[in-house]
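Peer 1: give me coordinates for this.
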Amino acid sequence: MSYLWISGIYKIQSKCKPERVYIGSAKSFQKRWYFHITSLRKNNHHAIKLQRHFNKYGEDDLNFSIIKMCPIEELLIAEQYFIDIYHPYFNSSPNAISGLGRCHSAESRKKMSLSHMGKSPGPMSTEGRKRLSESLRGNTNGYGNRGKERPEYIREKYRIATLAFYETEEGMIQKEKNRISNTGKKQSKETIEKRRPKLREAWRRRKIKEQINEDKS
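Peer 2: Predicted coordinates for the structure are as follows:
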């Protein structure tokens with residue numbers, strides 16, 4: 001299995017100080033790890049704390065692992081979700097920032113092109129492949145956190161973030177794509193039974209909101 005184009009959320013963690021982590025998102029795990037390790041070796045990484053740690057403890061102290069695979073359009077929400085959980089020591093900002101859709105100037109593109117001339121990410125090392133393999137062990141269809149019970153406040157945070165995403169233009173497009181892809185699909189009895197309480201609760205909340213709006217008017 002090739003990890004070159006797999007997108008999702010990853011973690012860089014110190015071995016000697018495991019409480020120190022970095023959370024990030026990637027359209028390609030292999031390319032993103034190459035970017036991190038190259039920047040650290042050149043001593044110009046954007047995360048100052050991570051760079052200082054690298055300079056003091058060395059490359060072998062850092063472990064790169066995948067914590068969740070997800071579609072590119074969900075990266076920002078998922079990254080913020082895990083930042084809120086881990087409160088990562090190495091991250092420069094407590095907010096997930098996406099570069100998707102960013103338009104660089106012609107001058108910037110030329111500089112980047114010149115700086116990458118003759119460079120190639122090259123094949124992933126044996127150690128790198130081993131780390132990725134271990135991080136994916138037990139994942140089913142790319143969801144390594146399946147079956148884990150999360151605290152209620154975390155689920156609520158994720159629910160609010162998801163709802164906010166679907167209110168954006170990009171989210172509306174994704175919602176329509178999901179609707180089209182699921183049209184005509186039949187759900188198992190087990191799935192229907194699992195969804196029934198959530199649907200009842202959603203219906204109850206909708207009725208309460210309608211009643212509140214009626215009382216206000």
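
Peer 1: the helix or strand encompassing residue 49 packs against which elements?
Peer 2: Residue 49 is part of helix 48-57, with elements assigned from DSSP states H and E. The helices and strands touching helix 48-57, judged by 3 or more C-beta pairs under 8 Å, 6 or more residues apart in numbering; DSSP states H and E, are strand 8-14, helix 29-41. The way it works is simple: take the backbone N, C-alpha and C, and place the C-beta from them, glycine included.

Peer 1: just say which of the ones you listed is most tucked in.
Peer 2: Of the helices and strands packed on helix 48-57, the one with the most neighbours on average (mean count of other C-beta atoms under 10 Å) is strand 8-14, at a mean of 22.

Peer 1: ok, back up a step: with mean pLDDT and distance to residue 188 as extra columns, can I get the helices and strands packed on helix 48-57 in a markdown table?
Peer 2: As requested, the helices and strands packed on helix 48-57 are exported to a markdown table (pLDDT from 0 to 100; distance: least, C-beta to C-beta, whole Å):
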| stretch | mean pLDDT | distance to residue 188 |
| --- | --- | --- |
| strand 8-14 | 93 | 26 |
| helix 29-41 | 90 | 32 |
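
Peer 1: quick one: closest of those to residue 157.
Peer 2: strand 8-14 (15.1 Å; C-beta to C-beta).

Peer 1: hmm, back to that, and the angle from the helix holding residue 49 to strand 8-14?
Peer 2: 40 degrees (axes from the mean of the first three to the mean of the last three C-alpha atoms, to 10 degrees).

Peer 1: and the helix ranked longest in the chain, what does it pack against?
Peer 2: Longest helix in the chain, counting residues (DSSP state H): helix 189-216. Judged by 3+ C-beta pairs under 8 Å, 6+ apart, helix 189-216 is in contact with no other helix or strand.

Peer 1: for residue 199, give me the pLDDT.
Peer 2: Predicted confidence (pLDDT) for residue 199: 77.

Peer 1: same thing with residue 159?
Peer 2: For residue 159, the pLDDT comes out at 73.

Peer 1: what are the contacting residues of the host helix or strand of it?
Peer 2: Using DSSP H and E, residue 159 falls within helix 152-166. For helix 152-166, the surrounding residues in contact (C-beta atoms under 8 Å, 6 or more residues apart in numbering) are 74, 76, 77, 80, 81, 84, 85, 150, 171, 172, 174, 175.

Peer 1: brilliant, that's me finished.
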